[in-house]
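Engineer: Here you go, sequence then predicted model.
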Amino acid sequence: FRSCAVAVPRPGATVAGNVPTLGTFLREVMRRNMRNFRVFGPDETQSNKLDAIYQAGKKVWLGEYFPEDADGGELAFEGRVMEMLSEHTVEGWLEGYILSGRHGFINSYEPFIHIIDSMVNQHAKWLKVTREIPWRRPIPSLNYLLTSHVWRQDHNGFSHQDPGFIDHVVNKKADVIRVYLPPDANTLLSTYDHCLRSRNYVNVVVAGKQPQAQWLTMDEAIAHCTRGLGIWDWAGTEDGDPDVVLGCAGDGPPLEPLAAADLLRQYLPDLRVRVVNVVDLMRLQDEKEHPHGLPDTEFDTLFTKDKPIIFAYHGYPWLIHRLTYRRTNHPNLLDRGSKEEGTKTTPFA
């Protein structure tokens with residue numbers, strides 16, 4: 001066993017004239033770690049718009065080459081991207097790889113990651129037990145990037161919609177599980193910078209692959225991710241004492257409270273509106289239940305003790321109620337999220 005450090009560039013840094021995206025960021029991570037970093041996935045690295053990675057390391061391929069593969073193609077005998085249309089196979093590859101002290105992550109369509117539910121369950125239990133064994137050295141975290149998610153399918157539709165993997169992982173030991181829902185590209189970069197550096201966690205990050213609005217600068221994103229959640233002052237109309245709180249978690253759901261806040265500003269200018277965004281989902285939970293949980297006093301400061309809360313959530317709405325049921329203001333929480341109805345193919349479906 002050897003524990004390898006991973007060289008990670010500053011998130012958002014522009015390299016070789018490129019606009020910083022997660023793909024270009026991961027490309028630079030790979031270039032700096034050609035012996036101890038790999039990318040794993042079913043067959044979706046390009047589909048998930050991470051193909052900038054191929055500029056540093058191509059797909060592993062040990063079979064026959066066609067001319068287009070060997071000459072500028074995406075395949076290479078000594079590639080760094082491990083792809084096979086078998087989620088449980090690549091999950092096993094990654095688990096073995098990080099158990100050796102090296103680093104990596106899986107990128108997958110959100111609805112199909114359920115295939116490895118039992119495998120992540122066993123890894124989380126193993127991490128919980130090894131924390132209690134003093135001679136066990138920390139290992140790099142098991143990192144997931146779930147994209148092509150429930151709110152933006154473009155052409156796949158209902159068959160490719162299921163945000164329930166989050167519900168599955170939050171059942172595991174709180175010391176191990178982390179769930180992040182970055183609202184834009186800069187918060188995604190900051191989040192993945194953190195995940196790749198971490199040890200002994202299961203990190204689940206959910207983020208869409210399509211271009212969309214950028215809400216925060218890089219410095220703002222880093223500060224926001226460090227806190228895990230916070231008030232978006234620029235979006236609300238309050239003066240420290242709101243009449244209503246509009247909350248959101250995810251990269252698609254913020255469109256709704258932000259649009260609502262804009263309409264309320266126009267038609268009810270005297271209404272004091274607060275907008276709260278959540279990146280680290282476990283911040284909603286009580287501090288007694290999760291290490292990232294907010295104390296009640298801090299939660300009440302953000303969400304108030306008695307004002308209406310309308311929360312737009314990425315996944316199935318019941319989870320938000322489950323995480324907040326002990327909070328003082330839970331009776332005033334109205335949560336909206338995904339339901340097994342219809343086909344969400346565009347941002348406006």
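Structural biologist: Okay, I see it. Numbers count the residues shown, from 1 in each chain.

Engineer: which stretches of the protein aren't confidently modelled?
Structural biologist: Applying pLDDT under 70 to the chain flags residues 1-4, 10-19, 69-72, 151, 153-154, 157-158, 342, 344-349.

Engineer: And the helices in it, which stretches?
Structural biologist: Per DSSP state H, the chain carries helices over the ranges 22-32, 67-70, 87-99, 117-130, 165-169, 185-197, 218-227, 255-267, 296-303, 318-324.

Engineer: Can you list the helices and strands that the first one packs against?
Structural biologist: By that I understand helix 22-32. Packing partners of helix 22-32 (3 or more CB pairs under 8 Å, 6 or more residues apart in numbering; DSSP states H and E): strand 37-41, helix 185-197. In short, each C-beta sits where N, CA and C put it, glycine included.

Engineer: CSV please, covering these and showing distance to Phe66 and mean neighbour count.
Structural biologist: Listed next are those as CSV, based on distance: least, CB to CB, whole Å; neighbours: other CB atoms under 10 Å:
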stretch, distance to Phe66, mean neighbour count
strand 37-41, 22, 24
helix 185-197, 33, 23
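
Engineer: Mind putting those into a markdown table with distance to Arg136?
Structural biologist: Output for those, formatted as a markdown table (distance: least, CB to CB, whole Å):
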| stretch | distance to Arg136 |
| --- | --- |
| strand 37-41 | 22 |
| helix 185-197 | 19 |
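
Engineer: picking up where we left off before, need the helices of the chain in TSV (columns: distance to Leu246).
Structural biologist: Shown next, in TSV, are the helices of the chain (distance: least, CB to CB, whole Å):
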stretch	distance to Leu246
helix 22-32	27
helix 67-70	50
helix 87-99	36
helix 117-130	33
helix 165-169	21
helix 185-197	18
helix 218-227	16
helix 255-267	4
helix 296-303	11
helix 318-324	14
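
Engineer: Would you tell me which of the ones you listed gets closest to Ile310?
Structural biologist: helix 255-267 (7.1 Å; CB to CB).

Engineer: my guess is Ala207 meets Thr147, correct?
Structural biologist: Yes: the pair Ala207 / Thr147 is scored as a contact, 5.9 Å apart, by CB atoms under 8 Å.

Engineer: how about the closest residue to Phe311 other than its chain neighbours, what does it touch?
Structural biologist: Leaving aside its sequence neighbours, Phe311 sits nearest to Gly247 (CB to CB, 6 or more residues apart in numbering; 4.0 Å). Contact partners of Gly247, counting by CB atoms under 8 Å, 6 or more residues apart in numbering, are Pro257, Val275, Val276, Asn277, Val278, Phe303, Ile309, Ile310, Phe311, Ala312.

Engineer: For Gly247, name its beta-bridge partners.
Structural biologist: Gly247 has these beta-bridge partners by DSSP bridges: Val276, Phe311.

Engineer: measure it to Ala185 for me?
Structural biologist: To Ala185, Gly247 is 21 Å away according to CB to CB, to the nearest Å.
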